[in-house]
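J.: A predicted structure for the sequence below; I have some questions about it.
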2 protein chains.
Amino acid sequence: MADFVHQRHKPLAHLDRARELVLVCAPLRSNVNLSRIVRAASCSGVTRLIACGNPKIDARIARTERQAFDVEIRRSLSPVLKKLKAAGYQLVGLEQTTHSHNIHDFAFARRTALVVGNERLGLTAETLDVLDATVEIPVYGLPFSFNVATATAMALYEYCRQFPRG
Amino acid sequence: MADFVHQRHKPLAHLDRARELVLVCAPLRSNVNLSRIVRAASCSGVTRLIACGNPKIDARIARTERQAFDVEIRRSLSPVLKKLKAAGYQLVGLEQTTHSHNIHDFAFARRTALVVGNERLGLTAETLDVLDATVEIPVYGLPFSFNVATATAMALYEYCRQFPRG
């Protein structure tokens, strides 16, 4: 077996092009969840994150002092989605719906806006109406649903797996 | 476009057989991180989680009242890994090392013990010595490393993707 030597903070994985993934968060209940999402998104090479509502980022959790992007704050979600759609983004909601795709089998468009819903309410009917697709992560056990930041991390992972070089 | 109707708590995804993935956590600094890992593991259908050190699970975060398994607490990691190895588990550390595989390209054995290290220290040299492999999740941006619970969620996702039915 190979000898393993711990390496902290290896050089970053290389992207041939900037990620075209935009992460959009509906108003969340928890600034902790949002802050965790910010850190995961930045580590994933995401360059644009739009948080709706009136959030406060916790800099210790998000590590914002070392962030590659500024979180854009917008009051409401609808106009954000309209603009992204006009700019050619496929709008993909992370949500269990009647027509959601299993994310294991879902081929993301490179130019995707991943839309994440509120912890309790999920994505509203108004939002679901304008989405191009919804994807869900299979849940195999109690308590029946992933935490929103956990689910977002998994979806970011899947997108990066599909576009490992951007 | 299909009408999407929100569905909370769909029936669970079906497993043809119980998951053979055991999740092993080295002593962590943060009980919050551990508790988040517990919830993610239970949702992933993991049936056994061993936490080393002297942890306290936060029931609100882990949702332990609805957990499918009891977290096993062990003082130290070494004997745990020895027993799992003897029981035929492939010991896979989630860590950046000199010989770590990109998790995107890593084929997990069904019978895997996924070993997660401390937030600051990672996995110790003593632990790395007994592992069969280490896997790393590509990091594309600041702050250079995923939170431990975020990284664990991504690794759980990848294992479930490879064994969607158990």
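T.: Right, received. Where do you want to start? Numbering: from 1, shown residues only, chains lettered A, B, ... in the order given.
J.: check which helices and strands the lowest-mean-pLDDT helix or strand in chain A sits against.
T.: For chain A, counting by mean pLDDT, DSSP states H and E, helix A:59-62 ranks last in confidence among helices and strands (a mean of 90). Contacts defined by 3 or more C-beta pairs under 8 Å, 6 or more residues apart in numbering or on different chains; DSSP states H and E place helix A:59-62 against helix A:31-43. Where C-beta positions appear, they are placed from N, C-alpha and C, glycine not excepted.
J.: any buried residues in the helix it packs on, and which?
T.: Across helix A:31-43, burial judged by 16 or more other C-beta atoms under 10 Å in any protein chain shown covers A:31, A:33-43.
J.: pull the least confident helix or strand of chain A out as CSV, backbone CA atoms only.
T.: Provided in CSV are the C-alpha atoms of helix A:59-62 (Å, rounded to 0.1, in the frame of the first residue of the first chain):
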residue,chain,number,x,y,z
ALA,A,59,-18.1,35.5,7.9
ARG,A,60,-16.7,32.8,10.2
ILE,A,61,-18.8,30.1,8.6
ALA,A,62,-18.7,31.3,5.1
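J.: how about that helix: buried residues?
T.: A:61-62.
J.: how far away is the closest residue to A:Ala149 other than its chain neighbours from B:Gly88?
T.: Nearest non-adjacent residue to A:Ala149, counting by C-beta to C-beta, 6 or more residues apart in numbering or on different chains: A:Arg36, 4.1 Å away. Between A:Arg36 and B:Gly88 the computed distance is 35 Å (C-beta to C-beta, to the nearest Å).
J.: which stretches of chain A have low pLDDT?
T.: A:1-3, A:65-68 (pLDDT under 70).
J.: tell me where it has helices.
T.: Secondary structure of chain A (DSSP state H): helices at A:31-43, A:59-62, A:77-86, A:125-130, A:148-162.
J.: from the contact counts, what lies against the last one?
T.: Under the contact criterion of 3+ C-beta pairs under 8 Å, 6+ apart, helix A:148-162 touches helix A:31-43, strand A:90-94, strand A:112-116, helix B:31-43, helix B:148-162.
J.: what angle sits between it and helix B:148-162?
T.: Orientation check (axes from the mean of the first three to the mean of the last three C-alpha atoms, to 10 degrees): helix A:148-162 against helix B:148-162 gives 60 degrees.
J.: quick one: helix A:148-162 to helix B:31-43, angle?
T.: 70 degrees.
J.: is chain B contacted by stretch A:46-53?
T.: Yes - using C-beta under 8 Å from any C-beta of the partner chain, we find that stretch A:46-53 touches chain B at A:Val46.
J.: who's in contact with that stretch?
T.: Contact with stretch A:46-53 is made by A:18-19, A:21-28, A:34, A:37-38, A:41, A:57, A:68-69, A:71-77, A:80, A:156, B:141, as judged by C-beta atoms under 8 Å, 6 or more residues apart in numbering or on different chains.
J.: if we can go back for a sec, what about the least confident helix or strand of chain A, distance to the chain center?
T.: Per C-alpha atoms, centre = their mean, to the nearest Å, the displacement of helix A:59-62 from the mean C-alpha position of its chain is 17 Å.
J.: same check, this time on stretch A:90-110
T.: In terms of C-alpha atoms, centre = their mean, the centre of stretch A:90-110 is set 12 Å apart from its chain centre.
J.: what comes up buried for it?
T.: For stretch A:90-110, using 16+ other C-beta under 10 Å, the buried residues are A:90-97, A:100, A:103-104, A:106, A:108-109.
J.: also near chain B: which of those, exactly?
T.: When contact is defined as C-beta under 8 Å from any C-beta, the buried residues of stretch A:90-110 meet chain B at A:93, A:95-97, A:100, A:104.
J.: who touches the least confident helix or strand of chain A?
T.: With contact meaning C-beta under 8 Å, 6+ apart, helix A:59-62 is reached by A:32, A:34-36, A:38-39, A:42, A:65.
J.: how about the helices and strands packed on helix A:148-162 in JSON lines, adding distance to B:Thr127?
T.: JSON lines is the format used below for the helices and strands packed on helix A:148-162 (distance: least, C-beta to C-beta, whole Å):
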{"stretch": "helix A:31-43", "distance to B:Thr127": "24"}
{"stretch": "strand A:90-94", "distance to B:Thr127": "34"}
{"stretch": "strand A:112-116", "distance to B:Thr127": "35"}
{"stretch": "helix B:31-43", "distance to B:Thr127": "17"}
{"stretch": "helix B:148-162", "distance to B:Thr127": "15"}
